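Engineer: Got a sequence here, can you build the structure:
(chains A and B)
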There are 2 protein chains.
Amino acid sequence: MDKILRIDVGAPGGPKATVEALGEYAGLGGRAMTSIVVSKEVPADCHPLGPENKLVIAPGIATGSAAASSGRLSIGCKSPLTGGIKESNAGGQPGMYLARLGYAAIIIEGEHDRNGGFYKVVINESGVTFEDAGDLVGLRNYAMAEKIKEQYGDKVGLISIGTAGEMRMLAASIACTDPEFRPTRHAGRGGVGAVMGSKGIKCIVVDSGGAKMRQPVDAEAFKAGNRKFVEGLRGHAVTGEGLPAYGTNILTNILCEAGGYPTYNFKEGVYKGAEKISGETMAETEKVRGGNPTHGCHRGCVIQCSGVFVDKDGNYVTKQPEYETVWAHGGNCGIDDLDTIAKLDFMDDDIGLDTIEMGVTIGIAMDAGVIPFGDAEGAVKLLEEVGQGTPLGRILGAGAGITAKCFGLERAPVVKNQAMPAYDPRAVKGVGVTYATTTMGADHTAGYAVATNILKVGGDVDPLSSTGQADLSRNLQIATAALDATGFCLFIAFAILDQPETFQAMLDTLNGLNGSNLTADDVVELGKTILRAEREFNKEAGFTNVHDRLPRYFRREKLPPHDVVFDVTDQELDSVFNF
Amino acid sequence: MDKILRIDVGAPGGPKATVEALGEYAGLGGRAMTSIVVSKEVPADCHPLGPENKLVIAPGIATGSAAASSGRLSIGCKSPLTGGIKESNAGGQPGMYLARLGYAAIIIEGEHDRNGGFYKVVINESGVTFEDAGDLVGLRNYAMAEKIKEQYGDKVGLISIGTAGEMRMLAASIACTDPEFRPTRHAGRGGVGAVMGSKGIKCIVVDSGGAKMRQPVDAEAFKAGNRKFVEGLRGHAVTGEGLPAYGTNILTNILCEAGGYPTYNFKEGVYKGAEKISGETMAETEKVRGGNPTHGCHRGCVIQCSGVFVDKDGNYVTKQPEYETVWAHGGNCGIDDLDTIAKLDFMDDDIGLDTIEMGVTIGIAMDAGVIPFGDAEGAVKLLEEVGQGTPLGRILGAGAGITAKCFGLERAPVVKNQAMPAYDPRAVKGVGVTYATTTMGADHTAGYAVATNILKVGGDVDPLSSTGQADLSRNLQIATAALDATGFCLFIAFAILDQPETFQAMLDTLNGLNGSNLTADDVVELGKTILRAEREFNKEAGFTNVHDRLPRYFRREKLPPHDVVFDVTDQELDSVFNF
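Structural biologist: I've put the predicted structure just below:
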């Protein structure tokens, strides 16, 4: 990865590609690359859908190599949803192909004429070409992938937006294809798809053709490190057993037991229908129907947390929905039917929408009385409205915060206008601190304190007490920022937090690959550097400590069954970025 | 005015009224009262539609007396549209009646059950009662006023919300009845109607019955001062000739001549259809049809800038639409038909909506392709959707900023999410500075630099140059804040800025009325005190200098015919609040 591909969509006569040396961005990857480029090149006060914003697509520093579970791709910009900096990342194949072609980043910039149609970008060993995407416009992701496959086969990677991104909806995602060329792996959060849409790019075909897997600088060290790393992943209960067998949805029962499963738009902490939509039930259903509960989002993953969900006749419906998706479209909306949830997951992927944002948004619409809680058919209809861009679809496609505003509702579980994920911050206070303070808007992945609060990984901090949560969230946010730069899947964190030798093995793998000498301290410093750049961007975009807060009703309304409020003090919240 | 009426809508068993002494709020009125109460009693980070917000209704310190043109009523809260502090004021009769009953303020607070229906509040000499407003729910303002008139006659004042306020729409206004008991005078800006709706108050009937006009402490001084004050108003070209004859809409031709009339959603600075909708044409039309071009919004006004607009058969349509309304629904949308504009004005008043916000919002919808520019019938249909609360109506009723977000458009002419009024900031730079920096969100009335830039009142500052605009806006913002505390109509500013003896006469009138010794310096100090309190509130609500900016496209896109951009520097903008 020794070059950057810069695409100016506003160049006279049509988009223009330039290949640049890495320059000041040398050594960066993933979130480090996207956040540093955005903070250096994008004016913080620009309009996210205007010409000054840029979309940065960057594989991690291990991506494209044989390192285990290292296929993540970061996508960054100024977020149209939050108004702050955004890094959203996805699995799938395209990141690896980009890395193998040598691209450390694609930077898409310039002014696209809103009425000027869309382009398809084709990147291969010969270079970059732009084609009119008129035949793809209006297509959802699955149909588009079929068309691309007809022309390019299924050995390429596809990065694409559905109709939501075309319509520049604030909940629009960017899809990446999985090993079966299905557009199931999404950079979901923050409306990155709207930015891609605003640049007039419908899809990017990444064809690495004969390009080989990235070769390590020190093959021996790399191989030895990676072996130990794989052992560590396979040996940990979460990454070696729970995730492969049940996927992330194993959390449904766990969070309900903890009383931290937000139900009916964050009104209660236990969902009575949990058993019907739990990971255990889902895995069993997949097995019985001839689906597959154990499947990787990209080749080379040893955790295999995903799966394939099929209908009663064994026909493919969607990839195994994540816990957060099952929660958002399920318990949060009072829907306890796995088939409906799978259908909604498929529709999100197809239309190109963030499943968390959409589930929370539909929950708000239910709270506002648009449809009743538990109305599965109604939820499907609402999502179809989003896909079609009807007026109601335009409201919902703008996300949770705007939907609450359009319906005059206080109860919007958002921070920095981004919807909260599947953990109630009153009963899992560590993740509440992360929601409040992360640069990303409410986001569990930015500092997954659930691990330590609930799963007792990396320590044990009482989820119901405010004590220690700020320190926990800070440490996790720093570690996560660094991890998001590597291209490794976030789920390796379970193993490397608990097993020092696995952490070292990860470092050895990285060092062997890149000929570097990264230490644990370097990792911490990298995380801090990323967070500082992001926070500075947000400050220049107008964010203050006042934005590092949960909505007041989380301090006022008690969450059953523990009858707890969020009581981490403002001073503690403000201490998170004290480094 | 020696008491405050505090209404707790969340009291057990239903709303409860308490009458309090003025205490620390003694001597305050209008915007001084609303902004000081809000800044002291409302947590700046609360949700505007939640239980912690309060709605403060306060007559000015001259309101209810015989002082000329002193009938203004201020309404304040945390704005659901801007997220900052808000004072929105209106003419009409209710302010005078409230003052005559001795109320310096109504403070509406507490938590109303969203599904708990609406109340009618009746205030008279015997006290305050609450009645179920079930028979009024769903009624628009005109029909509601008819019902109230049947029961209470037309000698009471009515403060009410239409269906927009019931639905807690962010563009919802609060209506006050005029001398003919028509709900035509609105506290329009910032969504104050949504806050009233969130408190479950459909209307307030103010029956001052036998309560006399407020008696001056020093009758002689008051009488002498007021006589000179009236002379000054009648003697000035704007307040004595232009406004009575043509109303504010005299500005259509003037702003077009100046190239600062925002046309087609702020794309051009001159409207080719201006002649058909100008104040001159409107006054002539009213005269010919048997309407009335010269009419006061409240009894005791000597300026009489309003009028009565009738249809071809001489039937009442609406009060004479203001310049800003004619612009918003007219030129900004490419609509050059006065009858359509009058109908839209009526609908705004009836549904209870801010005409500026709605006109700009419809302009954005046109820019997004929902209907074409110039589609008069389409605009009427869109506004009807708002009244009915259809999904499209919910988008539009949420205002310009959210409508642009729902349709993925950069071109939203808003500051702090409030729509810009009828003066393009690129060609009238002084008002651009006011839009950017006022605590209120884009608002011409907060510091009407148009007076000095275009009308050459109070000096002459070149509208196309950035020089001197920050100083001009600062001085006007300070003076206006104080003026908004007096209850005098803002339009007296034309006379008191140009004629020192009229300014002194205003002070003499106030001093005679209240037995005070206000000097010019005191007025400046009062203005500064108000602005400081408002700005501190906004800071605590999360606003920084970054929010004191125009959208970037005003710096990028040239406005014809002068081909100018907004080029007042950030440093100059930041100097406005340097006192």
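
Engineer: from the stretch 401-550 of chain A, which residue is nearest to chain B?
Structural biologist: Here the stretch 401-550 of chain A gets closest to chain B at one residue, A:G408, 2.6 Å apart by Cβ to the nearest Cβ. For glycine as for every other residue, the C-beta is placed from the backbone atoms N, C-alpha and C.

Engineer: what's the closest non-adjacent residue to that residue?
Structural biologist: Distances taken as Cβ to Cβ, 6 or more residues apart in numbering or on different chains place B:R168 nearest to A:G408, at 2.6 Å, with adjacent residues excluded.

Engineer: where's the one you found, which helix or strand?
Structural biologist: Here B:R168, judged by DSSP states H and E, is contained in no helix and no strand.

Engineer: residues in contact with it?
Structural biologist: A:F407, A:G408, A:L409, B:L49, B:P80, B:A194, B:G197, B:S198 (Cβ atoms under 8 Å, 6 or more residues apart in numbering or on different chains).

Engineer: Was I right to think the second one contacts B:V195?
Structural biologist: It stands for A:G408. No - assessed by Cβ atoms under 8 Å, A:G408 is found out of contact with B:V195, at 10.3 Å.

Engineer: Of all the residues in the helix or strand hosting A:T480, which ones are buried?
Structural biologist: Per DSSP H and E, A:T480 falls inside helix A:469-486. Residues of helix A:469-486 classed as buried: A:469-470, A:472-486 (neighbour count, 16 or more other Cβ atoms under 10 Å in any protein chain shown).

Engineer: Off-centre distance for that helix?
Structural biologist: Centroid separation for helix A:469-486 versus its chain: 16 Å, with Cα atoms, centre = their mean, to the nearest Å.

Engineer: ok so, going back, redo the contacts of B:R168 as JSON lines? Include pLDDT and neighbour count.
Structural biologist: Listed next are the contacts of B:R168 as JSON lines, based on pLDDT from 0 to 100; neighbours: other Cβ atoms under 10 Å in any protein chain shown:
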{"residue": "A:F407", "pLDDT": "98", "neighbour count": "22"}
{"residue": "A:G408", "pLDDT": "97", "neighbour count": "26"}
{"residue": "A:L409", "pLDDT": "97", "neighbour count": "21"}
{"residue": "B:L49", "pLDDT": "98", "neighbour count": "24"}
{"residue": "B:P80", "pLDDT": "98", "neighbour count": "31"}
{"residue": "B:A194", "pLDDT": "98", "neighbour count": "32"}
{"residue": "B:G197", "pLDDT": "98", "neighbour count": "30"}
{"residue": "B:S198", "pLDDT": "98", "neighbour count": "29"}
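
Engineer: Need those in JSON lines (columns: distance to A:N249 and secondary structure).
Structural biologist: As requested, those are arranged in JSON lines below (distance: Cβ to Cβ, whole Å; DSSP: H, G, I helix; E, B strand; the rest coil):
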{"residue": "A:F407", "distance to A:N249": "30", "secondary structure": "coil"}
{"residue": "A:G408", "distance to A:N249": "34", "secondary structure": "coil"}
{"residue": "A:L409", "distance to A:N249": "29", "secondary structure": "coil"}
{"residue": "B:L49", "distance to A:N249": "35", "secondary structure": "coil"}
{"residue": "B:P80", "distance to A:N249": "37", "secondary structure": "coil"}
{"residue": "B:A194", "distance to A:N249": "39", "secondary structure": "helix"}
{"residue": "B:G197", "distance to A:N249": "41", "secondary structure": "helix"}
{"residue": "B:S198", "distance to A:N249": "38", "secondary structure": "helix"}
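
Engineer: and these as CSV, adding distance to A:T355?
Structural biologist: Formatted as CSV, these follow (distance: Cβ to Cβ, whole Å):
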residue, distance to A:T355
A:F407, 21
A:G408, 26
A:L409, 21
B:L49, 27
B:P80, 29
B:A194, 31
B:G197, 33
B:S198, 31
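
Engineer: Can you give the contact residues for stretch A:324-337?
Structural biologist: For stretch A:324-337, using Cβ under 8 Å, 6+ apart, the contacting residues are A:248-249, A:252, A:255, A:261-266, A:271, A:273-274, A:276-277, A:282, A:321, A:338, A:340-341, A:344-345, A:348, A:355-356, A:358-360, A:362-363, A:366, A:373-376, A:379, A:421-422, A:444.
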